[in-house]
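1. Any chance you can model this:
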Amino acid sequence: MRTGEAQRNLRFSTEQWNGYFNYTIDHREDATIRTYSLKTIALENKLTRDFYQEKLHMVKKDKLVPSILWYVSNCYNVNSGREEYISELRNLIEDLSIYTRSKLCSLKLGLPLRTVVEHENMTTSTFYLAFENALCKDYVTEKFWKVLTDDTLTIPVVMGGLSIDEYLSIAPPNSFIHVKNFTSPQMLVKHLKMVASDPKAFNYYQEWRNTYQQTSRSTIGTNCEYCVWAWERPESVYKDMISHFNNDQCMDVSDSSKYCKYYNLTC
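-> You can find the predicted model right below:
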């Protein structure tokens, strides 16, 4: 079984697949092959903290700014509450740039349609909002990983999974900021402003680069690899697909009575 979708997008029970699959390729931690899981390697020549702060000053013309960037392509059937959270952030911080090519997102968020060069915009941004459209167990997608593999030193601010531990188990230490570490968007913004203005705080989220290096974006195999796996099919099978992948592994906070309380928004 291979899927890049969140469990909530399943419209049926996976019980019918019990005993059918030898391999699973999805975002779950217990998948045979985990999608979007990056490899980390130890660096022989460790860099110093000052290198990162120096580089950031260079790309930002010697000035630290709490700039935030978000690219959004899907505003249909989103149940993570990210749009409502973003709306509150827009009232709290000026330098929040949002780009979309989606007419629906443009309409819902009141934004113009804008095409941009992603890397260039990432270079001048301190933070990138890697907000998932669903809150499901282990659901962490390329939105998060593409920031870590970039060389711009942008810090990902994440929303996703059912707990912060799901990020801690796969990401380099102190490489991201999770919205649920803060009691409200106001407290998050306060922290972001402090990180952007304090070199020591900024370097705290860059120190992992002294030890780890991301080497790939995805472990999804090629068609040739799938063929090899098929011929080398193991005897073991996934006997309980509901426990592995089913839509009851998600949290729906799309209703205002839920997302207001979950994120402590000023609804």
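2. How many residues are close by residue 226?
-> Neighbourhood size, residue 226 [other C-beta atoms under 10 Å]: 13. Placement of C-beta: from N, CA and C, glycine included.
3. Would you tell me what helix or strand it is located in?
-> helix 223-231 (DSSP states H and E).
4. and if you look at residue 129?
-> Here residue 129 is assigned to strand 127-131, by DSSP H and E.
5. Which neighbouring elements make contact with that strand?
-> Strand 127-131 sits against strand 68-71, helix 82-92, helix 142-149, strand 155-159, with contacts defined as 3 or more C-beta pairs under 8 Å, 6 or more residues apart in numbering; DSSP states H and E.
6. Output the contacting helices and strands for the second one.
-> It stands for helix 82-92. Helix 82-92 packs on strand 96-99, helix 103-109, strand 127-131, helix 185-197, helix 256-263, going by 3+ C-beta pairs under 8 Å, 6+ apart.
7. Pull out the buried positions in the helix holding residue 226.
-> Within helix 223-231, the residues that qualify as buried are residue 229, counting by 16 or more other C-beta atoms under 10 Å.
8. Kindly report the same for stretch 235-244.
-> So, applying 16+ other C-beta under 10 Å, buried residues of stretch 235-244: 238, 241, 244.
9. Tell me the one of these nearest residue 152?
-> residue 244 (35.9 Å; C-beta to C-beta).
10. wait, isn't that closest one in contact with residue 23?
-> No: using C-beta atoms under 8 Å, residue 244 is not in contact with residue 23; the gap is 11.5 Å.
11. returning to that earlier point: kindly reformat the buried residues of stretch 235-244 as TSV containing distance to residue 161 and secondary structure.
-> Output for these, formatted as TSV (distance: C-beta to C-beta, whole Å; DSSP: H, G, I helix; E, B strand; the rest coil):
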residue	distance to residue 161	secondary structure
238	22	coil
241	20	helix
244	16	helix
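12. With pLDDT and distance to residue 73 added, can I get those residues in CSV?
-> What follows is the buried residues of stretch 235-244, written out as CSV (pLDDT from 0 to 100; distance: C-beta to C-beta, whole Å):
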residue, pLDDT, distance to residue 73
238, 86, 31
241, 84, 29
244, 84, 28
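13. of all these, which comes closest to residue 209?
-> residue 244 (33.7 Å).
14. separation between the closest one and residue 86?
-> Applying C-beta to C-beta, to the nearest Å, the value for residue 244 to residue 86 is 32 Å.
15. again with residue 237
-> 42 Å.
16. Can you name the residues bridging to residue 131?
-> Beta-bridge pairing of residue 131 under DSSP bridges involves residue 159.
17. Many thanks, have a good one.
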